[in-house]
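Participant: Output the structure for:
(one chain, ligands or ions: 1)
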Amino acid sequence: MISCENLHVTFNHGLPTEKLALQGVDLTIPSGEFVTVIGSNGAGKSTLLNTIAGDIKSTQGKIYFDDRDVTKLPATGRTKDIARVFQDPLAGTCGNLTVEENMSLAYGRGKRGTLAFALNNKLRKVFKEQLSRLNLGLEDRLDSEMGLLSGGQRQSVSLLMSALQPSSILLLDEHTAALDPKTAALILDISSQIIKEKQLTVMMVTHSMRQALDHGSRTIMLHEGNIIFDLASKERANYQVKDLLNLFAQARTDGAELDDDKLLLGG
Ligand SMILES: Nc1ncnc2c1ncn2[C@@H]1O[C@H](COP(=O)(O)OP(=O)(O)OP(=O)(O)O)[C@@H](O)[C@H]1O
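Facilitator: Have a look, this model is predicted:
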């Protein structure tokens with residue numbers, strides 16, 4: 001379970017550029033739930049994920065994983081709980097290490113030992129089996145440097161790496177946004193398989209309202225650092241993109257308009 005209580009994040013506190021990026025987010029995601037997160041540019045989506053991951057310190061509020069208060073735990077202390085895949089395929093992997101070395105690092109997360117300890121024939125077999133699920137021929141490229149793979153291939157490996165980690169939480173931050181539609185669909189499909197197999201607790205940020213409705217079982221929308229709606233599975237089942245837009249309009253009493261073309265056009 002992930003639980004955020006009254007979570008605030010302020011950037012550049014006391015400066016003219018001060019920004020209240022999260023303004024009292026209350027959110028509980030039970031174990032095994034898959035939540036999609038939408039919101040316009042600058043709404044606070046990445047800040048929320050980065051704060052949960054420990055990359056950004058909250059200025060106020062609490063974060064719990066199950067009953068553990070992790071608010072003050074640095075990101076390194078949360079790696080055994082959290083796997084992440086980012087928008088930028090270069091972000092989650094080391095370009096100058098090989099595919100198998102990257103996978104070993106993921107596998108070794110939260111465990112004692114070194115890369116040399118982790119890499120052996122038994123593990124290579126596991127990696128090959130995992131990679132063959134992708135149907136991209138990567139099972140024959142264990143020795144290739146990650147930096148030589150295409151963005152889609154690299155993102156696919158990042159995703160498999162998240163499955164090798166002992167974590168129970170998966171944070172996906174627009175992880176298909178930089179990919180062509182066919183590769184994006186493949187990655188989403190594999191994401192769903194991994195999430196189901198490992199019964200992960202998931203937050204997936206997307207700019208596509210369609211994608212948000214089609215995946216997971218709950219959708220939240222952030223706006224100016226607050227959750228402005230939280231749709232559970234039953235009510236969400238009947239929702240279309242236009243209904244989300246209506247909800248946004250209703251939730252905004254100040255008449256703010258959704259000015260994010262990507263969000264709107266993404267369907
Ligand atoms: N390190 C930082 N320093 C100062 N301001 C920041 C920092 N990171 C984010 N912000 C600001 O905080 C607000 C929330 O940013 P965030 O990246 O969380 O939005 P987002 O919803 O993920 O947007 P997008 O969809 O455009 O990625 C924005 O106004 C952003 O400019």
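
Participant: So which residues of the chain form strands?
Facilitator: 2-11, 19-29, 34-39, 60-65, 68-69, 82-85, 169-173, 201-205, 218-223, 226-231 (DSSP state E).

Participant: can you put the ones you listed in TSV and add mean pLDDT and distance to the ligand?
Facilitator: Using the backbone N, CA and C atoms, a C-beta is placed for each residue, glycine as well. Listed next are the strands of the chain as TSV, based on pLDDT from 0 to 100; distance: least, C-beta to the nearest ligand atom, whole Å:
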stretch	mean pLDDT	distance to the ligand
strand 2-11	98	3
strand 19-29	97	4
strand 34-39	96	5
strand 60-65	98	15
strand 68-69	98	23
strand 82-85	93	14
strand 169-173	96	8
strand 201-205	97	7
strand 218-223	95	6
strand 226-231	94	12
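
Participant: Can you add mean neighbour count and distance to Met161 and give the ones you listed back as CSV?
Facilitator: Formatted as CSV, the strands of the chain follow (neighbours: other C-beta atoms under 10 Å; distance: least, C-beta to C-beta, whole Å):
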stretch, mean neighbour count, distance to Met161
strand 2-11, 19, 21
strand 19-29, 18, 22
strand 34-39, 25, 19
strand 60-65, 17, 20
strand 68-69, 12, 24
strand 82-85, 25, 7
strand 169-173, 24, 11
strand 201-205, 24, 16
strand 218-223, 22, 26
strand 226-231, 18, 30
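
Participant: Please render those as JSON lines that adds distance to Thr183 to the earlier fields.
Facilitator: Below are these laid out as JSON lines (distance: least, C-beta to C-beta, whole Å):
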{"stretch": "strand 2-11", "distance to Thr183": "28"}
{"stretch": "strand 19-29", "distance to Thr183": "28"}
{"stretch": "strand 34-39", "distance to Thr183": "19"}
{"stretch": "strand 60-65", "distance to Thr183": "32"}
{"stretch": "strand 68-69", "distance to Thr183": "36"}
{"stretch": "strand 82-85", "distance to Thr183": "13"}
{"stretch": "strand 169-173", "distance to Thr183": "15"}
{"stretch": "strand 201-205", "distance to Thr183": "17"}
{"stretch": "strand 218-223", "distance to Thr183": "24"}
{"stretch": "strand 226-231", "distance to Thr183": "28"}
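
Participant: Of those, which is nearest Ser192?
Facilitator: Closest approach to Ser192 among the strands of the chain is made by strand 34-39 (8.4 Å; C-beta to C-beta).

Participant: List the pairing partners of that closest one within its sheet, with orientation.
Facilitator: Partners of strand 34-39 in the sheet, by DSSP bridges, are strand 201-205 (parallel), strand 218-223 (parallel).

Participant: At which residues are the helices of the protein located?
Facilitator: Per DSSP state H, the chain has helices spanning 45-53, 99-108, 115-118, 121-132, 151-164, 181-198, 209-214, 233-236, 241-251, 261-265. These are given in chain order.

Participant: where does the stretch 1-150 of the chain dip in pLDDT?
Facilitator: Scanning the stretch 1-150 of the chain with the threshold set as pLDDT under 70 gives 110-118.

Participant: near the ligand, which residues of it?
Facilitator: Residues of the stretch 1-150 of the chain lying near the ligand by C-beta under 6 Å from any ligand atom: 11-12, 19, 21, 39, 41-47.

Participant: Who's the closest spatial neighbour of the residue nearest in space to the middle of the chain, skipping the chain neighbours?
Facilitator: For the chain, the residue nearest the mean C-alpha position is Leu172 (1.6 Å; C-alpha atoms, centre = their mean). Spatial nearest neighbour of Leu172, excluding adjacent residues (C-beta to C-beta, 6 or more residues apart in numbering): Met204 at 4.1 Å.
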